[in-house]
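Enquirer: sequence and predicted structure below; questions after.
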Amino acid sequence: MMLVAAVFFGLMLLGMPVGFVLGIAGMVGMAQIGERFLAMGPDRFFSGLNLFPFLAMPFFILAGEIMNRTGITDRLIGFADSLVGYLRGGMAHSNMVASVVFAGITGAATADAAAFGNTLVPAMVRQGYTRPFACAVTAAGSIIGPTIPPSTLMVIYGSLMGVSIAGLFAAGILPGILICLVCMAVIAALGRKLGLPKAEGGPSLRHILKSARESLLALVLPVIILGGILGGVTTPTEAASIAVLYALVVGGVVYRKLRCSDLVDMLIRTSILTGVVFLIIASASILGWWMTYNRIPQAIAEGFLTVSSNPQVIILMILCLLLVVGLFMDINAALIILAPVLAPLTLTIGMDPIHAGIMIVLALNISLMTPPVGACLFVLASVTGESIERISRALVPFLVAEVAVLFLIAFWADLTLLVPRLLGLR
Amino acid sequence: MQEIAGHAGKLAAGLDWVVVRLCALIAAVLVLDVWLGVFVRFVWPLPITWTEELARYLMIWLALLAASSGIARRAHIGVEIVPMQLPVEARRWLRLALDIVAFAFFASLVVYGAGFAAKGFERATMIPGWSHFVPFLSVPVSALLCCIQLVLVAIRDLGAAVPPADATLVEAATGEVPRP
């Protein structure tokens, strides 16, 4: 066991790709049990991917690619700006609202951070916001993406742990909106102190209706995706494939901003991103088998229960573990490794599987914006040229607010389970 | 060495060019297959029962083939904090050592994967004319491609002025990793 741990942490520290480390550590573990077990490696590698719900991921990636390429994203930002742009710190508020709308289409925080880092951050800087603050707002809003459905992390969690993906999607809606509202409250609170800009004039119904009309076709997409899945009509994969078809029709036929060569480019980018994520999943499946064989999830669960049998204390320990692991590990890998360990523990203390899933996913989402390896931080620093240190400092109030939301969600199950119950998914 | 590295780089890029286009083709067929599944489920019920299974196998072929392309582009995500602190020469040899370890991993998947694929002959799928050999073959074939790419990029990067790191989380997230 020590050898596998040494291989895992040693190679990770030396910079070997996570997808390789997981497979190598798993194969070393299998060889330790007995050489004949190595023959199971390819079987686990294949079986780790052989799940229909995983198909939703490449489709959502492709739909997001099409939306960005055809300007659909810009129309959504325009609509959000018409709703809240008149407030003090209006563009920061617009950034948050746009994150919610965008979240209903794509499932990846980094896609949100990259798209908004290119468009909204420069616009905010031109209007008088400091660049670190503009980046911090974008980073804080970007984690709404994988919290509000569709969410690739929820697809992975639901597929691996046998939890209803539709239920998880429904349960993510309120936490996502809550994060948006809390961050908007932070912006409002900082508004006067930081002297955030305020646009001339007040709210205009005419402006709202005009931008709603311009972005109507884009706004229908979240309704199609979520309506289909939450209504129990389509599977997440089917909904994602319909989203691709819809985005192709709107971007290509209606907006006429899509060429055949663009399509090949997008398919190639989607393939490579899929390959990177799926190699992590396939390799983690090898290590996962070894962990199960050695009853490591049970050992960790017993370790937690030895410290305390109080459910609140165990939830607290789980949250701390996830936030600390998220500081140093890619969140897909962290989810695949930790979910099978933590999910049985949450069941032992009587947590609802959907509630536990949302808590785990949200905790890992928050680590997307914490240094040293927070992906959204790196995306924004790379796209805008701002330093990670300055963005991190500006991010502190948002981080505190979002961790507070995480704790609220973790300790108040009804908040998460309200929507699934209303929709009959719980 | 520079000349050999140049040739290896060209070979890696050429192989990658073919693989990514094959992936794009598989992705296109995958999209059409899932659309067909939606069509026969919601619009026109036809006695087609294999769309879901075919979609899973196409996805696996797509993802595993693309993994080799990720190697050619150094697009797989690693935590590069420690390597970036090392001097260029040390980083070059560390990169080579890691490539050798990764090669051993994928080579084991080729060796054991061949036996795994052969077992697939004994099991039929719901797709007419397909045994499980076709989907199972994705493991050894893609692992072999990964091995070839690892050798080529290791030689390519040994000759580079500065050894390239693996993708950062940013590049992987934004897809901005067209390195070679």
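Expert: Happy to help now that I have it.
Enquirer: and the residue in chain B that chain A sits nearest to, what element?
Expert: Closest contact between chain B and chain A, by CB to the nearest CB, is at residue B:66 (2.7 Å). (C-beta placed from N, C-alpha, C; glycine too.) Residue B:66 is part of helix B:51-72, with elements assigned from DSSP states H and E.
Enquirer: quick revisit: list the contacts of the residue of chain B closest to chain A.
Expert: For residue B:66, the contact set (CB atoms under 8 Å, 6 or more residues apart in numbering or on different chains) comprises A:271-272, A:274-276, A:278, B:19-20, B:23.
Enquirer: using CSV, write out the CA atom coordinates for the helix holding residue B:66.
Expert: Output in CSV follows, covering the C-alpha atoms of helix B:51-72 (Å, rounded to 0.1, in the frame of the first residue of the first chain):
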residue,chain,number,x,y,z
THR,B,51,-27.8,3.1,-31.2
GLU,B,52,-27.0,3.4,-27.5
GLU,B,53,-24.4,0.6,-27.5
LEU,B,54,-22.8,1.9,-30.7
ALA,B,55,-22.6,5.4,-29.2
ARG,B,56,-20.8,4.0,-26.1
TYR,B,57,-18.2,2.2,-28.2
LEU,B,58,-17.7,5.1,-30.5
MET,B,59,-17.2,7.4,-27.5
ILE,B,60,-14.6,5.0,-26.1
TRP,B,61,-12.7,4.7,-29.4
LEU,B,62,-12.9,8.5,-29.8
ALA,B,63,-11.6,9.2,-26.3
LEU,B,64,-8.8,6.7,-26.3
LEU,B,65,-7.6,7.6,-29.7
ALA,B,66,-7.6,11.3,-28.7
ALA,B,67,-5.5,10.4,-25.7
SER,B,68,-2.6,9.7,-28.0
SER,B,69,-3.2,13.0,-29.7
GLY,B,70,-3.0,14.6,-26.2
ILE,B,71,0.4,13.1,-25.8
ALA,B,72,1.6,14.5,-29.1
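Enquirer: tell me the helices in chain B, going along the chain?
Expert: Listed in chain order, the helices of chain B (DSSP state H) span B:2-38, B:51-72, B:88-119, B:133-136, B:138-158, B:169-174.
Enquirer: sorry, that was for the stretch 151-300 of chain A
Expert: A:152-161, A:165-194, A:205-214, A:216-230, A:236-248, A:260-293, A:296-307 (DSSP state H, counting those that start in this stretch).
Enquirer: least confident pick among the contacts of residue B:66?
Expert: Within the set of those, pLDDT is lowest for residue A:276 (86).
Enquirer: check which helices and strands the host helix or strand of residue A:66 is in contact with.
Expert: Element membership for residue A:66, per DSSP H and E: helix A:56-69. Under the contact definition 3 or more CB pairs under 8 Å, 6 or more residues apart in numbering or on different chains; DSSP states H and E, helix A:56-69 sits against helix A:109-126, helix A:152-161, helix A:216-230, helix A:236-248, helix A:260-293, helix B:2-38, helix B:51-72.
Enquirer: and the residue nearest the centre of chain B?
Expert: residue B:67 (2.1 Å; CA atoms, centre = their mean).
Enquirer: quick check: it touching residue A:275?
Expert: Yes. Using CB atoms under 8 Å, residue B:67 is in contact with residue A:275, at 4.5 Å.
Enquirer: re the thing from before, so the helix holding residue A:66 versus helix B:2-38, what angle?
Expert: Put simply, helix A:56-69 runs at 100 degrees to helix B:2-38, going by axes from the mean of the first three to the mean of the last three CA atoms, to 10 degrees.
Enquirer: rebuild the helices of the stretch 151-300 of chain A as TSV, extending it with mean neighbour count and distance to residue B:52.
Expert: Formatted as TSV, the helices of the stretch 151-300 of chain A follow (neighbours: other CB atoms under 10 Å in any protein chain shown; distance: least, CB to CB, whole Å):
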stretch	mean neighbour count	distance to residue B:52
helix A:152-161	25	14
helix A:165-194	21	15
helix A:205-214	13	37
helix A:216-230	18	17
helix A:236-248	24	9
helix A:260-293	23	18
helix A:296-307	15	30
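Enquirer: nearest to residue B:155, out of these?
Expert: helix A:260-293 (22.0 Å; CB to CB).
Enquirer: quick one: that closest one to helix A:236-248, angle?
Expert: Using the same axes, to 10 degrees: helix A:260-293 against helix A:236-248 is 160 degrees.
Enquirer: just name whatever secondary elements helix A:260-293 is in contact with.
Expert: In terms of contacts (3+ CB pairs under 8 Å, 6+ apart), helix A:260-293 is packed against helix A:18-33, helix A:40-47, helix A:56-69, helix A:331-348, helix B:2-38, helix B:51-72.
Enquirer: related to what we said a few turns ago, can you list the helices of the stretch 151-300 of chain A in TSV and add distance to residue A:33?
Expert: Formatted as TSV, these follow (distance: least, CB to CB, whole Å):
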stretch	distance to residue A:33
helix A:152-161	22
helix A:165-194	33
helix A:205-214	60
helix A:216-230	40
helix A:236-248	35
helix A:260-293	7
helix A:296-307	13
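Enquirer: and stretch A:30-45, how far from the chain's centre?
Expert: For stretch A:30-45, the gap between its own C-alpha mean and the chain's C-alpha mean amounts to 32 Å (CA atoms, centre = their mean, to the nearest Å).
Enquirer: same check, this time on stretch A:258-274
Expert: 22 Å.
Enquirer: picking that back up, what is the orientation angle of the helix holding residue A:66 with helix A:109-126?
Expert: Angle of helix A:56-69 versus helix A:109-126, following the same axes, to 10 degrees, is 20 degrees.
Enquirer: send the alpha carbons of helix A:56-69 over as PDB?
Expert: Taking C-alpha atoms only, helix A:56-69 is exported to PDB below (Å, rounded to 0.1, in the frame of the first residue of the first chain):
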ATOM      1  CA  ALA A  56     -23.300  13.800 -22.300                       C
ATOM      2  CA  MET A  57     -19.900  15.300 -21.700                       C
ATOM      3  CA  PRO A  58     -18.500  15.600 -25.200                       C
ATOM      4  CA  PHE A  59     -21.900  16.800 -26.400                       C
ATOM      5  CA  PHE A  60     -22.000  19.600 -23.900                       C
ATOM      6  CA  ILE A  61     -18.400  20.500 -24.700                       C
ATOM      7  CA  LEU A  62     -19.300  20.600 -28.400                       C
ATOM      8  CA  ALA A  63     -22.500  22.700 -27.800                       C
ATOM      9  CA  GLY A  64     -20.400  25.200 -25.800                       C
ATOM     10  CA  GLU A  65     -17.800  25.400 -28.600                       C
ATOM     11  CA  ILE A  66     -20.600  26.200 -31.100                       C
ATOM     12  CA  MET A  67     -22.200  28.800 -28.800                       C
ATOM     13  CA  ASN A  68     -18.900  30.600 -28.300                       C
ATOM     14  CA  ARG A  69     -17.900  30.400 -32.000                       C
END
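Enquirer: that concludes my questions; thank you for your assistance.
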